[in-house]
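In: this one's sequence-less:
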Ligand code: AMP
Ligand code: GLY
């Protein structure tokens with residue numbers, strides 16, 4: 001079968017890499033892809049929101065399954081668009097993708113079904129929001145309702161910061177339409193983890209736990225990024241906690257979506273805060289996490305293709321999903337200046353040597369090929385990933401590969417996975 005992966009980041013390279021290993025997959029196409037995806041498949045120059053061209057391509061190439069990476073096309077209804085044309089595609093339809101598309105929808109859903117999350121209130125007017133802020137005080141978290149490229153959340157430590165955030169979102173419209181409505185919610189304290197499940201609308205099968213590193217610099221300092229690295233498993237998620245997450249959050253959410261007439265098929269990603277009172281939802285995403293996927297898929301022993309197909313065909317309960325007990329770590333190498341301004345087009349060296357290391361795979365994110373050279377082409381450039389028998393070993397293995405790779409201005413966090421090691425000590 002031929003498959004098509006939509007997107008161009010590290011997550012999509014990991015998906016294409018894993019799918020290319022499937023017994024049933026003869027060819028992987030990636031639209032638009034990057035220099036790394038070209039190593040495991042064929043890049044196609046079509047943008048992720050160009051549904052017409054993507055569907056035409058899927059039809060003419062007789063693609064057996066399309067897998068969508070980013071949230072934008074999902075929230076905009078790419079799954080419905082493909083299905084209306086008789087094309088097989090993996091992911092939630094537009095109605096269900098609202099779980100990421102509207103923070104207010106999700107908070108109302110969680111409240112209605114008693115699923116643990118932060119106390120919140122939604123607003124369209126700045127005056128009402130400010131009155132609520134007067135009542136609740138700081139710290140408090142301000143969130144634009146809609147999709148804001150991962151930037152619509154402002155964690156406010158002081159009253160003044162919160163007042164400013166309300167203005168930024170509702171009055172200055174810094175996040176555009178996404179900020180037509182605003183959520184103010186309680187700041188939760190604890191350790192953050194990422195938890196993803198496969199869902200066929202009814203049955204769920206968990207992936208292994210992982211932890212992202214959103215701030216740009218070591219010790220969680222600096223501005224938030226798309227994620228500077230991830231590792232799996234996250235030891236904060238004990239076996240007991242995992243059961244609690246599945247029973248009090250993941251399964252009830254899938255059931256609630258079904259009851260609301262928004263059957264959820266695909267990957268459901270929960271950003272969780274492990275608080276003193278137990279796990280609570282910070283956010284849901286309607287897709288695979290990035291960079292979590294890079295640290296998780298190398299641990300999947302099963303073939304990914306039939307798992308994805310069983311989600312859409314509602315046969316997940318019969319599907320085996322087997323994970324390796326090894327650990328995995330992904331260190332992101334970014335362009336100097338990211339997440340602010342940065343330069344592109346820097347030559348990347350050492351990729352060949354790094355790839356020769358055992359149990360190592362360098363996932364590309366912002367890269368492009370020019371003649372024989374690989375050049376940087378984005379903020380997050382590479383996700384240098386390695387397995388190990390322990391978390392400690394996987395971390396050491398990834399940094400060994402990182403040390404071999406050079407490009408001008410490259411920077412990376414030196415403490416990916418350190419939280420897990422601190423816990424073990
Ligand atoms: P999100 O875009 O929803 O993932 O939020 C970005 C980051 O803001 C999260 O990864 C958390 O670190 C933080 N955050 C969001 N909501 C809360 C909350 N209610 N309490 C504490 N931190 C939060
Ligand atoms: N790693 C965060 C995300 O995928 O949204």
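Out: Here it is on my side, so go on. Since this is a predicted model, take the numbers as computed values, not measurements. Residues are numbered from 1 along each chain as shown. Ligands and ions are numbered 1, 2, ... in the order given.
In: Okay, now the unreliable bits of this structure?
Out: 425 (pLDDT under 70).
In: thought residue 353 was touching residue 404?
Out: Yes: counting by Cβ atoms under 8 Å, residue 353 sits close enough to residue 404 to count as a contact (4.7 Å). Bear in mind the C-beta positions are built from the backbone N, C-alpha and C, glycine included.
In: Between these two, point out the one with more neighbours.
Out: Neighbours around residue 353 and residue 404, counted as other Cβ atoms under 10 Å, are more numerous at residue 404. The numbers are 18 against 12.
In: Residue 304 versus the more buried one, what's the distance?
Out: From residue 404 across to residue 304, the span is 28 Å (Cβ to Cβ, to the nearest Å).
In: the strands in the stretch 101-250 of the chain, which residues?
Out: Along the stretch 101-250 of the chain, the stretches classed as strands by DSSP state E, counting those that start in this stretch are 120-123, 140-144, 153-156, 182-186, 191-200, 204-206, 211-212, 215-217, 221-224, 229-232.
In: Could you dump those into CSV with distance to residue 8 and mean neighbour count added?
Out: Listed next are those as CSV, based on distance: least, Cβ to Cβ, whole Å; neighbours: other Cβ atoms under 10 Å:
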stretch, distance to residue 8, mean neighbour count
strand 120-123, 33, 20
strand 140-144, 24, 25
strand 153-156, 24, 18
strand 182-186, 30, 22
strand 191-200, 21, 22
strand 204-206, 27, 17
strand 211-212, 19, 24
strand 215-217, 21, 17
strand 221-224, 21, 13
strand 229-232, 19, 31
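In: beta partners for the nearest residue to residue 236 once chain neighbours are set aside?
Out: Of all residues beyond its chain neighbours, the one nearest residue 236 is residue 191 (5.0 Å), with distances taken as Cβ to Cβ, 6 or more residues apart in numbering. The partner list for residue 191 in beta bridges (DSSP bridges) reads residue 274.
In: Make CSV from the strands of the stretch 101-250 of the chain and add distance to residue 411 to it.
Out: Shown next, in CSV, are those (distance: least, Cβ to Cβ, whole Å):
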stretch, distance to residue 411
strand 120-123, 35
strand 140-144, 28
strand 153-156, 23
strand 182-186, 32
strand 191-200, 22
strand 204-206, 34
strand 211-212, 17
strand 215-217, 8
strand 221-224, 11
strand 229-232, 12
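In: For ligand 2, find the nearest of those.
Out: Nearest to ligand 2, of all the strands of the stretch 101-250 of the chain, is strand 211-212, at 4.2 Å by Cβ to the nearest ligand atom.
In: The nearest residue to residue 409 once chain neighbours are set aside: neighbour count?
Out: Spatially, and ignoring its direct neighbours in sequence, residue 409 is nearest to residue 336 (3.0 Å; Cβ to Cβ, 6+ apart). The number of residues packed near residue 336 is 15, by other Cβ under 10 Å.
In: Check residue 134 too.
Out: Using other Cβ under 10 Å, residue 134 has 10 neighbouring residues.
In: Quick one, which of the strands of the stretch 101-250 of the chain gets closest to residue 244.
Out: Comparing those against residue 244 with Cβ to Cβ, the closest turns out to be strand 191-200 (10.9 Å).
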